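In: what's the 3D shape of this:
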Amino acid sequence: MNDKRTPAFGDGRLRNTFVRNSRAMDQLEIFLVSSVTTILLIRLFLELTGYPQLGGGTLHIAHMLWGGLGMLAALLVRLMFLGRWVEYFTSFVGGVGFGAFIDEIGKFVTQDNDYFFAPAFSLMYVVFVLIYLVAHWALTSWGYSRTEYLMNSLNRLQEYRDGYLPGDARQDIALMLEKTGGDALAAALDGFLNDISSQPVAGPSLYHRARARLRRIYIRVVNTRYFAPLLNFFFLFQMLTGVSYIVLEIFLQEGKIGGGLEASFSAVSLMISSGISATCIFFGVFSLHRSRLAAYKWFERAMLVNILLSQIFLFTINQLSAITGLLFSLLVLGALRLLVAQESEKLVKEQLETAAGG
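Out: I've put the predicted structure just below:
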């Protein structure tokens, strides 16, 4: 957890009412992954089966209803039961339900209930991006208060069974209690921890093991000697193709040189966002000779423009095929953030050595 003391909503009642869950980002990740996977599986199934109608005759049981059922099941389980497994299980089931629900967004926003509405994927993408950005802001933008550390300690105690507490829960509770500032309840909980036995630390789940393995492979690839030069070349190539795309859209569309732009809103918006991204890349390439850290930060801004802006319009134009580009952009963004962290660490080390030598 972030240990800064900056208050979330000031020092009033609201901050103590909305106590954040320290495991929420993990659960949000499961929710989003299960939602997106559900949409892709539904679209694939319908494509392979010729879009069958469930119900027959005048009835049509839309999969939006199954999505609502999934979200209802997640809500009821969360209301009725306690425990860590409940949080993760309902994140998955709720994500599946939400994916099945929002997949039919085209029917919600068109007069003719058009499931194949072209901007549907863009609308879904915007919803998922907003969910992530709002949740990430709320969960990580300021430090946890003493009350939040204490309440999360109590939350982890839900794993207590028959005089035993899992070892990882015990470690987490102890760390959080140290940050409560000597609260009376925290002292009582600390004494309780000393009086009970702990079970061996359970191994990570299959999902977390797979994620950790992929992360190790990813870091190993990024740290190879050829990766950074290839990345620089990629951004130079992307800048040139972005500029070429803009020129073609403006001057060569339908063979009318300088005859005005006759393009859809999505094409015009994509052209503008491509221009912003190309400008960021230009500053990054210009910065390479003096500071790789500055260059990587400009490249990172270019990828954020691509992910948060360009992809919206790409999904309108190319729909499902734009997912490949999005996944590639996310991988590049992750690589840039690793390189930025490494360059920042190297810079701090050089400054400390300079200060020590002076």
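
In: only C-alpha atoms for contact and neighbour calcs from this point on.
Out: OK.

In: Glu159 - how many residues pack around it?
Out: Neighbours of Glu159 under the rule other CA atoms under 10 Å: 16.

In: hmm, I was thinking of Phe237
Out: Burial of Phe237, expressed as a neighbour count using other CA under 10 Å, amounts to 12.

In: In terms of helices and strands, where is it?
Out: Element membership of Phe237, judged by DSSP states H and E, is helix 227-251.

In: After that helix, which helix or strand is next? Please name it.
Out: The helix or strand immediately downstream of helix 227-251 is helix 265-287, counting by DSSP H and E.

In: Output the helix or strand just after that following helix as CSV - backbone C-alpha positions only.
Out: In the C-terminal direction, the helix or strand that comes right after helix 265-287 (DSSP H and E) is helix 292-305. As requested, the backbone C-alpha atoms of helix 292-305 are provided in CSV (Å, rounded to 0.1, in the frame of the first residue of the first chain):
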residue,chain,number,x,y,z
ARG,A,292,17.1,8.5,-22.9
LEU,A,293,14.9,9.0,-19.9
ALA,A,294,13.3,12.1,-21.4
ALA,A,295,12.9,10.3,-24.8
TYR,A,296,11.2,7.3,-23.1
LYS,A,297,8.8,9.6,-21.3
TRP,A,298,7.8,11.3,-24.6
PHE,A,299,7.3,7.8,-26.2
GLU,A,300,5.2,6.8,-23.2
ARG,A,301,3.0,9.9,-23.8
ALA,A,302,2.6,8.9,-27.4
MET,A,303,1.5,5.4,-26.4
LEU,A,304,-1.0,6.8,-23.9
VAL,A,305,-2.5,9.0,-26.7
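
In: related to what we said a few turns ago, chain center to the helix holding Phe237, what's the gap?
Out: In terms of CA atoms, centre = their mean, to the nearest Å, the centre of helix 227-251 is set 26 Å apart from its chain centre.

In: And stretch 126-137, by the same measure?
Out: Distance of stretch 126-137 from the chain centroid (CA atoms, centre = their mean) equals 8 Å.

In: Can you pull up the most central residue in the protein?
Out: By CA atoms, centre = their mean, the mean C-alpha position of the chain lies nearest to Tyr132, the distance being 5.3 Å.

In: quick revisit: tilt between the helix holding Phe237 and helix 292-305?
Out: For the pair helix 227-251 and helix 292-305, the angle between their directions (axes from the mean of the first three to the mean of the last three CA atoms, to 10 degrees) equals 50 degrees.

In: can you offset everything so residue one is 189?
Out: All set: I'll call the first residue 189, so the last point we hit is now helix 415-439.

In: Quick one: work out the angle between helix 415-439 and helix 453-475.
Out: Orientation note: helix 415-439 sits at an angle of 140 degrees relative to helix 453-475 (the same axes, to 10 degrees).

In: And the helix or strand that contains Glu217, what does it pack against?
Out: Using DSSP H and E, Glu217 sits within helix 212-237. For helix 212-237, the helices and strands in contact under the criterion 3 or more CA pairs under 8 Å, 6 or more residues apart in numbering; DSSP states H and E are helix 272-290, helix 308-328.

In: Nearest to Gly379 among these would be which one?
Out: Ranking the helices and strands packed on helix 212-237 by their distance to Gly379 (criterion: CA to CA) puts helix 272-290 first, at 22.8 Å.

In: what comes up buried for whichever helix or strand comes after the closest one?
Out: Using DSSP H and E, the next helix or strand after helix 272-290 towards the C-terminus is helix 293-297. Applying a neighbour-count criterion of 16 or more other CA atoms under 10 Å, one finds Ile293, Gly294, Lys295 buried in helix 293-297.

In: Low-confidence ranges, the stretch 439-546 of the chain, go.
Out: Regions of the stretch 439-546 of the chain meeting the criterion pLDDT under 70 cover residues 439-453, 507-508, 545-546.

In: same thing but 50
Out: Residue ranges of the stretch 439-546 of the chain with pLDDT under 50: 442-451.

In: returning to that earlier point: among the helices and strands packed on helix 212-237, which one carries the weakest average confidence?
Out: Averaged per stretch, pLDDT over the helices and strands packed on helix 212-237 is lowest on helix 308-328, reaching a mean of 90.

In: With just CA atoms, put that one into CSV.
Out: What follows is the C-alpha trace of helix 308-328 in CSV, where atoms were taken according to Å, rounded to 0.1, in the frame of the first residue of the first chain:
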residue,chain,number,x,y,z
ALA,A,308,-20.3,-0.4,-30.5
PHE,A,309,-16.7,-1.6,-29.8
SER,A,310,-15.6,2.0,-29.4
LEU,A,311,-18.3,2.6,-26.8
MET,A,312,-17.4,-0.6,-24.9
TYR,A,313,-13.7,0.4,-25.0
VAL,A,314,-14.5,3.8,-23.6
VAL,A,315,-16.5,2.3,-20.8
PHE,A,316,-13.7,-0.1,-19.8
VAL,A,317,-11.1,2.6,-20.0
LEU,A,318,-13.2,4.9,-17.7
ILE,A,319,-13.8,2.1,-15.2
TYR,A,320,-10.0,1.5,-15.0
LEU,A,321,-9.0,5.1,-14.8
VAL,A,322,-11.6,6.1,-12.2
ALA,A,323,-10.8,3.0,-10.1
HIS,A,324,-7.1,3.5,-10.4
TRP,A,325,-7.4,7.1,-9.4
ALA,A,326,-9.6,6.4,-6.4
LEU,A,327,-7.3,3.5,-5.2
THR,A,328,-3.8,4.8,-5.8
